[in-house]
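*Asks:* build the 3D model from these lines:
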Amino acid sequence: TTSNLKKGRIATEGRLRVIKTNYMHNARDIGGWEGLDGKHIKYGILIRSGEIIDSDGNVTKYEQVDYESLVDQVGINYDLDFRNEDEAAYLKKSPFGLEFLRIPLSAYDSIVAKKERQPAFKKAILQFIKNAKEGKCTFVHCQGGADRTGTYIFYIEGLLGVSDSDLCKDYEITSFYYHKERNDPERYLPMVQALLSKFSKDGTVGNGILNCAKSMGFTDSEIQELRDLMLE
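*Replies:* The predicted structure is shown next:
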């Protein structure tokens, strides 16, 4: 038997938001983290998650509820897919019925080490800046919303001045959706080490991200535009 031992109320604290979904994995708004000059990342502009429809493009009734919540309540109106055609050739448009673009991305230290993978990464960030300027809320995802999406968000947050400690924490939150810690020696640490050794001038990962982005061809004005759009 069960009994009611004590009544109470739980109140959440802090600025970070995880989006409650029925089926979708790792859905969250990146807003709330502190960036440059004590400003915080705005809510409702960049939403991350994993893809959830099956290999035939079918959507269950549970997934449909998630989609409707993201569109009607969160306000997403642009679907940016980081998977390649081999993974998702079945999907030619957004299951949300939104504007849709696929930019296949790589992840982790390959962004630093392999210059041929950088143009797509730059294109994906510039597309987000364009969307934000137009007042659009962008939904970004790969398959699981962990590796490619995680690397993409890591760079954007770094450019916004999120501290190294918080960059790591936000990256690690994905562990709540998977059965393995994400801060591991195969993926996360080589990325951090590459940024520190090749690009950081002050010993911080954030500075490494900034200089890596500049090596990809990002201009100071583009980086400032991202900050102006995303920080308040």
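
*Asks:* now the longest helix along the chain: buried residues?
*Replies:* As assigned by DSSP state H, the longest helix anywhere in the chain is helix 118-133. For helix 118-133, a neighbour-count test (16 or more other CB atoms under 10 Å) marks 118, 121-122, 124-125, 127-129, 131-132 as buried. For glycine as for every other residue, the C-beta is placed from the backbone atoms N, C-alpha and C.

*Asks:* do the same with stretch 163-170
*Replies:* Of the residues in stretch 163-170, 163-164, 166-168, 170 count as buried by neighbour count, 16+ other CB under 10 Å.

*Asks:* before we move on, the earlier item: following the longest helix of the chain, which helix or strand comes up?
*Replies:* The helix or strand immediately downstream of helix 118-133 is strand 138-142, counting by DSSP states H and E.

*Asks:* which helices and strands does that next one pack with?
*Replies:* With contacts defined as 3 or more CB pairs under 8 Å, 6 or more residues apart in numbering; DSSP states H and E, strand 138-142 has these neighbours: strand 46-50, strand 78-81, helix 118-133, helix 148-159.

*Asks:* buried residues of the helix or strand just after the shortest one, list them for me.
*Replies:* Read that as strand 78-81. Using DSSP H and E, the helix or strand that follows strand 78-81 towards the C-terminus is helix 85-88. Within helix 85-88, the residues that count as buried by 16+ other CB under 10 Å are 87-88.

*Asks:* can you give the contact residues for helix 85-88?
*Replies:* Helix 85-88 has contacts (CB atoms under 8 Å, 6 or more residues apart in numbering) with 51, 81, 102, 104, 143.

*Asks:* next SSE downstream of that helix?
*Replies:* Using DSSP H and E, the first helix or strand after helix 85-88 is strand 99-102.

*Asks:* for that following strand, name the packing helices and strands.
*Replies:* If contacts are counted by 3+ CB pairs under 8 Å, 6+ apart, strand 99-102 sits against strand 78-81.

*Asks:* for the strand it packs on, what is the distance to the chain centroid?
*Replies:* Taking CA atoms, centre = their mean, to the nearest Å, the mean C-alpha location of strand 78-81 is offset from the chain mean by 12 Å.

*Asks:* that strand: partners in the sheet, and parallel or antiparallel?
*Replies:* Strand partners for strand 78-81, identified by DSSP bridges, are recorded as strand 99-102 (parallel), strand 138-142 (parallel).

*Asks:* so which of those is the most surrounded?
*Replies:* Mean neighbour count (mean count of other CB atoms under 10 Å) peaks for strand 138-142 among the strands paired with strand 78-81, with a mean of 25.

*Asks:* and the buried residues of stretch 163-170, which of them are in helices?
*Replies:* Judged by DSSP H, those include 164, 166-168, 170 as members of helices.

*Asks:* could you turn the buried ones of the contacts of helix 85-88 into a PyMOL selection?
*Replies:* This is the PyMOL syntax for the buried subset of the contacts of helix 85-88, where burial follows 16+ other CB under 10 Å:
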select buried, resi 51+81+102+104+143
